[in-house]
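Participant: A predicted structure for the sequence below; I have some questions about it.
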Amino acid sequence: MKLWDVIVIGAGPAGAVAARAAALRGLTVLLVDQATFPRRKVCGCCLNRHALSALSAAGLGELPAKLGAVPLERVRLATGGRNAVVRLPGGVALSREAFDVALIAEAVQAGATFLPGTRVRLDESESTASCVSLSSGLRAKALIVADGLNGRVRADAPVVQTGSRIGAGAILTDAPDDYEPGTIFMATGHGGYVGLVRLEDGRLDIAAAFDASFVQTHGLAGAASKILQSSGLPGLPGLLDANWKGTPPLTREPVQVAGPLWFAIGDAAGYIEPFTGEGMAWAMASAVAVIPLVERCVAGDSLDLPAEWVAVHRACVGERQWACRALARSLKRPTLCRLAVRALQWIPALATPVVRSLNRSLMSPSGVR
Ligand SMILES: Cc1cc2nc3c(=O)[nH]c(=O)nc-3n(C[C@H](O)[C@H](O)[C@H](O)COP(=O)(O)OP(=O)(O)OC[C@H]3O[C@@H](n4cnc5c(N)ncnc54)[C@H](O)[C@@H]3O)c2cc1C
């Protein structure tokens with residue numbers, strides 16, 4: 001069986017961007033995913049400025065425009081029948097079907113081999129000091145684990161934060177014109193929040209985070225309907241019959257982000273619930289940042305790399321995740337959300353520092369923004 005330089009498990013934004021970057025460095029790369037593409041992924045489908053800068057750092061800055069992504073101009077925050085509009089400094093909406101397929105095509109064009117429909121696991125008992133072994137007999141000098149939130153490539157289960165919300169999503173082919181392109185609609189209420197945005201093909205993407213108990217009482221569609229109704233946003237015929245999909249609890253951290261010959265990136269390296277819509281930025285930034293370490297690993301220098309990846313990953317996305325965690329905590333207080341929306345109705349500029357901070361470029365591995 002062939003010995004690859006690098007095997008990347010998971011062909012979401014993290015895995016596909018890493019596979020492309022590694023192939024461009026002249027490494028032999030196998031990108032594996034259990035799914036066949038396009039596949040459905042619960043996601044708000046918004047690439048904020050910070051995600052676009054991560055995409056540019058990967059050399060793929062032109063991709064969203066080529067795919068017809070919808071420029072985002074504002075976010076409408078709604079709660080308890082009141083709403084406030086906050087202007088956005090950039091960002092686009094793009095379906096995950098189109099985005100993920102295009103990223104994989106870029107990886108293949110750069111020289112990576114793509115193997116879809118194949119579920120793999122790390123086989124630690126067969127791995128050696130210089131070669132990592134996977135189920136299906138696959139072998140590599142270095143492994144990038146990009147298997148997402150629900151990944152089980154490694155045996156150790158992630159640590160899930162107590163009270164973590166669960167994610168849910170649906171896509172409507174028909175939705176009222178009130179949901180105009182270029183606006184993110186964000187309804188918050190008791191039990192969670194629901195984000196809605198028009199995609200490049202006119203469909204309406206709905207992505208939500210709910211308290212688990214709220215979903216047990218109302219179901220996924222019922223929970224979304226309750227929050228939309230209480231927020232005062234326009235009703236959505238078809239919401240209850242849509243094809244809803246849920247996720248496991250969202251806020252989690254793996255026990256380890258690296259080990260002998262392997263590195264975790266993207267959601268597999270930890271995730272915070274998605275109100276700020278930054279997951280794809282973290283995924284792509286960590287994909288770019290890991291490549292110098294992977295190159296050294298392939299060259300046989302593997303001694304201190306796990307500890308180095310912990311430090312680089314923390315500098316690259318850890319700080320941002322801390323801010324996102326703080327915001328997620330405040331969102332659990334409906335009264336605070338109502339007060340915030342009321343304040344923003346009167347003084348929209350109050351949102352400027354938060355929006356600016358969320359859209360600022362990510363820290364590069366060298367520490368330069
Ligand atoms: C409700 C919600 C809304 C969100 N909204 C936004 C948003 O608006 N903007 C934003 O930037 N982010 C958003 N996110 C986060 C974003 O979706 C993720 O952060 C992003 O998809 C992470 O990319 P990834 O490549 O790490 O993982 P994924 O995209 O999940 O890809 C992981 C891949 O690994 C594959 N895989 C898993 N296990 C195996 C295995 N054993 N073998 C082979 N393949 C395997 C899976 O099939 C999958 O294709 C949202 C998330 C949720 C839940």
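Facilitator: Arrived safely.
Participant: distance from the helix or strand encompassing residue 193 to the middle of the chain?
Facilitator: Element membership for residue 193 (DSSP states H and E) is strand 192-198. Here strand 192-198 is found 15 Å from its chain centre; the criterion is C-alpha atoms, centre = their mean, to the nearest Å.
Participant: that one: what's the following helix or strand?
Facilitator: Per DSSP H and E, the first helix or strand lying C-terminal to strand 192-198 is strand 204-210.
Participant: what about that following strand, near the ligand?
Facilitator: Yes. Using C-beta under 6 Å from any ligand atom, strand 204-210 reaches the ligand at 207-209. Every residue, glycine included, has its C-beta placed from N, CA and C.
Participant: with these in mind, which one is nearest to the ligand?
Facilitator: Using C-beta to the nearest ligand atom, residue 207 is the member of the residues of strand 204-210 next to the ligand that sits closest to the ligand, with 3.7 Å.
Participant: related to what we said a few turns ago, closest to residue 173 among the residues of strand 204-210 next to the ligand?
Facilitator: Closest approach between the residues of strand 204-210 next to the ligand and residue 173, by C-beta to C-beta: residue 207, at 16.2 Å.
Participant: does the residue nearest to that closest one when sequence neighbours are not counted lie in a helix or a strand, and which?
Facilitator: Excluding the flanking residues, the one nearest residue 207 by C-beta to C-beta, 6 or more residues apart in numbering is residue 44, at 4.0 Å. For residue 44, there is no enclosing helix or strand under DSSP H and E.
Participant: cool, and residue 187?
Facilitator: With DSSP H and E as the test, residue 187 turns up in strand 183-189.
Participant: model confidence for the most centrally placed residue in the chain, exactly?
Facilitator: Nearest residue to the geometric centre of the chain (C-alpha atoms, centre = their mean): residue 279, 3.0 Å. Looking at residue 279, its pLDDT is 92.
Participant: one step back: surely the residue nearest to residue 207 meets residue 194?
Facilitator: No. The criterion here is C-beta atoms under 8 Å, and residue 44 misses it with residue 194 at 9.9 Å.
Participant: neighbour count for the two, which is higher?
Facilitator: Neighbours per residue (other C-beta atoms under 10 Å) separate residue 44 from residue 194, with residue 194 holding more: 29 against 26.
Participant: whichever of the residues of strand 204-210 next to the ligand end up buried, select them in PyMOL.
Facilitator: To isolate the buried members of the residues of strand 204-210 next to the ligand in PyMOL, using 16 or more other C-beta atoms under 10 Å:
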select buried, resi 207+208+209
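Participant: check the residues of strand 204-210 next to the ligand against residue 124 and report the nearest one.
Facilitator: Nearest member of the residues of strand 204-210 next to the ligand to residue 124, counting by C-beta to C-beta, is residue 209, at 33.6 Å.
Participant: got a pLDDT number for that closest one?
Facilitator: 93.
Participant: residues touching it, list them.
Facilitator: By C-beta atoms under 8 Å, 6 or more residues apart in numbering, the contact list for residue 209 reads 165-168, 192-193, 250, 273-275.
Participant: now do the contacts for the nearest residue in space to it that is not next to it in sequence.
Facilitator: Among residues not flanking residue 209 along the chain, residue 165 sits closest, at 4.2 Å (C-beta to C-beta, 6+ apart). Each residue near residue 165 by C-beta under 8 Å, 6+ apart is listed here: 192, 209-212, 249-251, 273, 328.
Participant: helices of this structure, start to end?
Facilitator: 13-24, 49-57, 63-66, 96-109, 212-231, 279-298, 305-313, 319-330, 334-346, 352-359 (DSSP state H).
Participant: the ligand: which of those is closest?
Facilitator: Set against the ligand and scored by C-beta to the nearest ligand atom, the helices of the chain come closest in helix 279-298, at 2.1 Å.
Participant: which secondary structure elements does that closest one contact?
Facilitator: strand 3-9, helix 13-24, helix 49-57, strand 139-145, strand 262-264, helix 305-313 (3 or more C-beta pairs under 8 Å, 6 or more residues apart in numbering; DSSP states H and E).
Participant: distance to residue 338 added to the ones you listed, as TSV?
Facilitator: Converted to TSV, the helices and strands packed on helix 279-298 look like this (distance: least, C-beta to C-beta, whole Å):
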stretch	distance to residue 338
strand 3-9	43
helix 13-24	34
helix 49-57	28
strand 139-145	41
strand 262-264	38
helix 305-313	36
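Participant: got these as CSV, with mean pLDDT, distance to residue 185 and mean neighbour count columns?
Facilitator: Formatted as CSV, the helices and strands packed on helix 279-298 follow (pLDDT from 0 to 100; distance: least, C-beta to C-beta, whole Å; neighbours: other C-beta atoms under 10 Å):
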stretch, mean pLDDT, distance to residue 185, mean neighbour count
strand 3-9, 98, 35, 24
helix 13-24, 98, 23, 29
helix 49-57, 92, 19, 23
strand 139-145, 97, 34, 26
strand 262-264, 95, 33, 29
helix 305-313, 94, 33, 19
